[in-house]
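> Let's see this in three dimensions:
(one chain, ligands or ions: 2)
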Amino acid sequence: MCNAKDYLINETAWCPGCGNFAIREALAAALAELELPHHQVLLCSGIGQAAKMPHYIKVNGFNGLHGRALPPAIGARVANTSLKVIVESGDGDTYGEGGNHFIHNIRRNPDIAHFVHNNQIYGLTKGQASPTSETGMKTKVQTAGNILPPFNPLSTALVMGAGFMARCFSGEKDHLKETMKQAIQFPGYALIDILQPCVSFNKLNTYGWYKERVYHPENHDPQNWQAAMELARQWGDEIPLGIFYNVPHETFESHFPTLRGEPLATRPFNPADLSSLQDEFL
Ligand SMILES: Cc1ncc(C[n+]2csc(CCOP(=O)(O)OP(=O)(O)O)c2C)c(N)n1
Ligand code: SF4
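Residues are numbered from 1 along each chain as shown. Ligands and ions are numbered 1, 2, ... in the order given. Purely as a prediction, here's the structure:
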C-alpha cells in the first residue's frame, strides 16, 4: 500500500505559496486513500502552470497541447478501460482554448475525473485575463480593466448534462481531497472547479479574498438539478463549495459493446482476424 508521499516528485517549478501545491497534495492523498497503484492512473494535461501536474505526480502522465487535455484522455480511456483517467489543467486551458472540448466531452460522458485549477488568470504567460477573470480586473494587458463577464464553468457543465459537478478551494485541502475521491470514483465525467490563488499574478482573488467568501451550504440535495444550478450561479460576497450535483448516467464507454471485458490495450492482437476485412477492401 502507498502513502501520499509515494506519489510526489520533489522538484516543482511553481512559485512559493501557489495554490497548486495544496491541489497536488490533495490529489496524492486521494490516490493513496483510494489505494490506486501508480500504473493504474493516467494524468493528462494541456499547457500552463496547472498543466505541469503530470510532471509532479508519480503516475502515468501525458502533457499535451494548450486546450487539448481532454482528447488524449478520452483516447487513452477507450484504449484502456482499466485506467483511472484524471485530467488536470488551468481555467485558460480548459474553459478558453479548450472550451470546445470541455463542452463536447460533457455530452460524451467518458469515465474521466477533471480537476480544473481555476486561478482566474493566465499564470504561465504572466498574468493576462482568463475566461474566469472578474469584470474590471486590471492586468498588464487589460490595463483599463477586463471588459468581459466571467465564464461560469459549473452552470455550463450542468446545462450540458454533467453528472458530477463540484467546487472546491485549494485553501481547504481535506475537503478537496474527499471531493477528489468521490469524483475519481464517479462512473462518468466528474468536474471539480478548484479555486486556486495565483500569488504572483492575481492580486485580486487572493487566499484572503476567497476565505472571506467561501462557505458550505447546509442541507443541499446533490440530486436536485435546480438547487445545483442556483449554487453554480452564486458568486460574489458568498461562494458555495461542495458537490452541487451527483447523478450518474450512461457513459461514453457503455455505448460500445467492444469495450466490455478485457481492455483493448491488453487484448491479444491477431492480424489474421483482419483478413476478412482485407478481402473485402483490397
Ligand atoms: C496553442 C497555444 N495557444 C496559446 C499558448 C500560450 N499559453 C500557454 S499557457 C497559456 C495560459 C495558461 O493559463 P491557464 O490555462 O489558466 O493555466 P495557469 O498557467 O494559470 O495554470 C497560454 C495562453 C500556447 N502555449 N499554445
Ligand atoms: S505564476 Fe501563479 S499559478 Fe503559476 S506557479 Fe506562480 S503563483 Fe502559481
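
> contacts for stretch 37-44?
2, 6-7, 31, 53-54, 57-62, 64, 69-70, 72-73, 76, 82-88 (C-beta atoms under 8 Å, 6 or more residues apart in numbering). All C-beta spots, glycine's among them, are computed from the backbone N, C-alpha and C.

> What about the residues you listed, which are in helices?
Per DSSP state H, helices hold the following members of those: 31, 53, 54, 70, 72, 73, 76.

> Identify, from those residues, the entry nearest to residue 94.
Among the ones in helices among the contacts of stretch 37-44, residue 70 lies closest to residue 94 (C-beta to C-beta), at 8.2 Å.

> Which secondary structure state is assigned to the nearest residue to the closest one once chain neighbours are set aside?
Excluding its sequence neighbours, the residue lying closest to residue 70 (C-beta to C-beta, 6 or more residues apart in numbering) is residue 101, at 4.3 Å. With DSSP: H, G, I helix; E, B strand; the rest coil as the basis, residue 101 sits in helix.

> In CSV: the ones in helices among the contacts of stretch 37-44, plus neighbour count and distance to ligand 2.
Listed next are these as CSV, based on neighbours: other C-beta atoms under 10 Å; distance: C-beta to the nearest ligand atom, whole Å:
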residue, neighbour count, distance to ligand 2
31, 28, 22
53, 25, 12
54, 22, 15
70, 28, 21
72, 19, 23
73, 26, 22
76, 19, 26
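
> filter those down to the ones near ligand 1?
With the criterion set as C-beta under 6 Å from any ligand atom, no member of the ones in helices among the contacts of stretch 37-44 is near ligand 1.

> which residues sit in contact with whatever residue of the stretch 51-200 of the chain ends up closest to ligand 1?
Nearest to ligand 1 in the stretch 51-200 of the chain, going by C-beta to the nearest ligand atom, is residue 90, at a distance of 2.3 Å. With contact set as C-beta under 8 Å, 6+ apart, residue 90 has these partners: 46, 48-51, 116-119, 122-124, 130.
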